[in-house]
Every structure is written in C-alpha cells, then in structure tokens.
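Student: build the 3D model from these lines:
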Amino acid sequence: MNSSDELLAVRAAELYYDEGRTQDEIGAALHITRWKVGRLLAQARTAGIVRIEIVHPRARRVLAEQAVKKRYNLDDIVVASSAGVSSPEELQRRVAQAAADYLTALRPARQTLGVSWGRTMHDVAACLPRGWAHGVGVVQINGGLSLTKYGDTASATALVIAQKAAGSAHVLPIPAILEHTATKRSIERDRAIAGVLDRAAHAEAYLYSAGVAGPDSALVHSGYLTTEEVERLVCKGAVGDIVGRFIGADGKPVDAELDSRTVGLSIERIKAASTAIAVVAGEGKHEVARALVTNGLCTVLITDDQTAAALLAEPEASTDTATEQAS
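Tutor: So this is what the prediction gives:
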C-alpha cells in the first residue's frame, strides 16, 4: 500500500469506525467507489492501522489460543479476556465461566466426569447452567473433607455439577491427606471408598483446577497443611498442586512421603487420560500452568490471557526439553 492509499485508508477507517458512516457515505465523502472503501478498510486491518478488540467478559483471545495450543500440543484451549477485571476473584470467576461454557458445549458429552475441588471448581459448578448435560455420572477424584470452619466444598462441588445435569454424584467423604500412609491404605480398601476410587480411575474425562504453592493454598485453608509445611514444599521445588498433590516444574510430586498419604487419583492417571481439562487462572498460577502444559498433565487448558502470555513468553527450548523428558 503506497503512502497516498495509506492516508486514504486511515481516513476511511476514521469515518467508518469512529463516525459510524456507511461505506456508501464514505465513498461519496472521499470521491471513491464503495468497493474501494471496502478494500481500504480491509487493508487497514491487515496493515495494523485498525485493531479490533472484543472486550465483553465472555470474549476469547483466539490468536493466543492458537499459539498456545500449537506450542504445547494441546487438544483444545480457551483463553478468557482479562479486560476490565478489577480483582483476582473476578478473573477467577471469568475463567470459571469459560470452563462452564466449554463443558456445556463439549461434544460428545462425557457420561462419566471426574472432578476435583477448590475455590475455582466451586465457581465452575456455580456457573454451569441447569441442563448443561443429561445423566452424567460425576465422581470426586480426590479426598476433600474439610478440617476447618470453611466447610466441605469438595463433595458440594461434585453434587452441584451432577444435579445440574440430572445425573448422579459419587463423593469421597474422607480427608485429602491422612497422617499415616498405612491409614490411607486401610481406608482405600474400604468397599465404598474403593468403589468411588475405581469410578474415578475409569472416568471418561477429568475436570480439575490447580492450586498455588503458598499460604493461600486451599490445602492450608482446609487445615491439611500449615504455611510452614507449604514453604518447605516450595523449597523442594513445588510450583503448585493438582488433585491435592504438590508438583514441581517437571510435573512430578515433590515430596514422596506426603504424596503417599494423599487420597485420590494419581498424577500418572491424570497424565494418561484422553481428556483432562485444567482450569487455571491468575498470576500466582503461571508456574503451575507451565508445569501442566509442558508435562502432558492436561489435554485442554482453560485460562486467562495473562497466563497464556506467560506461557508464550517461555523460551521454546523448555518445551522441547519437557517433550524429550516425557518421551
């Protein structure tokens, strides 16, 4: 585009986008045909003179989705816009809504869905519309009986998701972490608990969120770990937790002894799943999001545009290294 056409494209864009004039009106004002007006507007977008941004809370960042999906070999991804967000809680709810929308539109609908718990998952359950699916069997994939005044949101999350789909819920009314490995093994042999764990292991799809490795961890708020214990896990390389298990940048548990006392689906089972949907929102979860996508711990990522940008800012070599380690 030569300089005269560029100036003409700028003027046409101003009249069209700023003043709301029709292409016929612009053609008359600039003494050109409406067909040339159309070409100039198209050239303006191609040349970057015009940039269109959808700022509605339900808007998606398609270019970021394509870039992250390709780089990390994901089956699918949804990137929610952070435009206009005023707090981390609002961003979390926006990403939770994106997860609810994705689950509602997922075809074919999965008849058995394994779900984790936590504040993000609680928001996802709240965002799901009634009738999002029909007859889905929802199974809790990790223990979550709260040890504090915060209450038992783990089983409530699975129940709400199931109720809104006119389905059934299978919950694990036991702690996420037990004091002794022997106790955990004994409880897991109980017929009722073993039945739920078996359902979890054979679910068609998993939906889980990632937690932070810090004092704001849901496992701290629920009374399972102290802030000092989480600090020690961070010193061992923890970047966050999934299904109650603290993982490092390599996607593996950082503390074998703690992992042996943790009730629920293993990291290996999540990694082997054909459909594992991870819901991750916020700056504090950039590292754990990177651990998920670089180590094959999710097939679908639902996140915000800032987290997507952080994943794209990671040097390409780290992705290659992770792929080599996985193979």
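Student: in contact with the residue most central in space within the chain, which residues?
Tutor: Central residue of the chain (Cα atoms, centre = their mean): residue 279, 2.1 Å from the mean position. If you count contacts by Cβ atoms under 8 Å, 6 or more residues apart in numbering, residue 279 has them with 95-96, 99, 120-121, 124, 207-210, 302-303. (C-beta placed from N, C-alpha, C; glycine too.)
Student: filter these down to just the ones in helices.
Tutor: Here DSSP state H is the test, and the contacts of residue 279 give 95-96, 99, 120-121, 124 as lying in helices.
Student: I'd like to know which elements the host helix or strand of residue 90 is packed against.
Tutor: Here residue 90, judged by DSSP states H and E, is contained in helix 88-105. With contacts taken as 3 or more Cβ pairs under 8 Å, 6 or more residues apart in numbering; DSSP states H and E, helix 88-105 sits against strand 76-80, helix 119-127, strand 276-279, strand 300-304.
Student: can you tell me which residues contact residue 114?
Tutor: Counting by Cβ under 8 Å, 6+ apart, residue 114 has contacts 138-141, 199-200, 203, 205-208, 265.
Student: and if you look at residue 199?
Tutor: By Cβ under 8 Å, 6+ apart, the neighbours of residue 199 are 112, 114, 137, 139, 170.
Student: and the buried ones among the contacts of residue 279, selectable in PyMOL?
Tutor: Of the contacts of residue 279, the buried ones can be selected in PyMOL as follows, counting by 16 or more other Cβ atoms under 10 Å:
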select buried, resi 95+96+99+120+121+124+207+208+209+210+302+303
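Student: can you pick out the most distant pair from the contacts of residue 114?
Tutor: Within the contacts of residue 114, 199 and 208 form the most distant pair, 15.6 Å apart (Cβ to Cβ).
Student: quick revisit: closest to residue 67 among the contacts of residue 279?
Tutor: Closest approach between the contacts of residue 279 and residue 67, by Cβ to Cβ: residue 303, at 12.8 Å.
Student: neighbours of the closest residue in space to that closest one that isn't next to it in sequence, how many?
Tutor: Spatial nearest neighbour of residue 303, chain neighbours left out: residue 280 (4.9 Å); criterion: Cβ to Cβ, 6 or more residues apart in numbering. Around residue 280 there are 28 other residues, counting by other Cβ atoms under 10 Å.
Student: ok, now how distant is residue 280 from residue 193?
Tutor: Counting by Cβ to Cβ, to the nearest Å, the gap from residue 280 to residue 193 is 29 Å.
Student: and what of residue 307?
Tutor: In this view, residue 307 and residue 193 are 35 Å apart by Cβ to Cβ.
Student: more neighbours: which of those two?
Tutor: Per other Cβ under 10 Å, whichever of residue 307 and residue 193 has more neighbours is residue 307, with 26 against 17.
Student: got a list of what the more buried one touches?
Tutor: 280-283, 285-286, 289.
Student: and those residues, which is closest to residue 86?
Tutor: Distance to residue 86, by Cβ to Cβ, is smallest for residue 282 among the contacts of residue 307, at 13.5 Å.
Student: dump the residue contacts of the residue nearest to the closest one when sequence neighbours are not counted.
Tutor: Counting by Cβ to Cβ, 6+ apart, residue 88 is the residue found nearest to residue 282 once chain neighbours are left out, at 5.2 Å. By Cβ under 8 Å, 6+ apart, residue 88 lies in contact with 282-284.
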